[in-house]
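>>> here's a sequence, model it:
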Amino acid sequence: MNYDNFESADNAIAMMSGQYLCGKPIKVEYGLKPGSKTERHGSIAERILEANRPNYSGGGMINMMSAANAYNKFLTQNGPSISTFSTM
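All right, here's what the predicted structure looks like:
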């Protein structure tokens, strides 16, 4: 599946992972990057790029912090969390 933004993808992962399909729990996660056996999409770098792309609503530092906060929320729910982000 493809989503327009990380927030939608994160929500789908959170809502669908662990649900049952044909009596078996499913695991939902970001897809692997091309040519990689371990690295997945959804990195903080990709989120920052998305937050600052020209057709993304808003822009600048606000969206960069929004991307960082979204990623921290994702990690809090699914793995190690990032405790702080600093700005220049």
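>>> all strands for this structure, in order.
For the chain, applying DSSP state E gives strands covering 20-21, 24-25.
>>> direction included, what does the last one pair up with?
Each strand that pairs with strand 24-25, with its direction, by DSSP bridges: strand 20-21 (antiparallel).
>>> so what touches the partner strand?
Strand 20-21 is contacted by residues residue 26 when judged by Cβ atoms under 8 Å, 6 or more residues apart in numbering. Any C-beta I mention is one placed from the backbone N, CA and C, and that applies to glycine too.
>>> how about stretch 24-43?
Against stretch 24-43 from outside (Cβ under 8 Å, 6+ apart): 6, 9-10, 12-13, 16-20, 71, 74.
>>> go again using 10 Å as the cut-off
Residues outside stretch 24-43 that contact it (Cβ atoms under 10 Å, 6 or more residues apart in numbering): 1-2, 6, 9-10, 12-20, 46, 49, 71, 74-75, 78.
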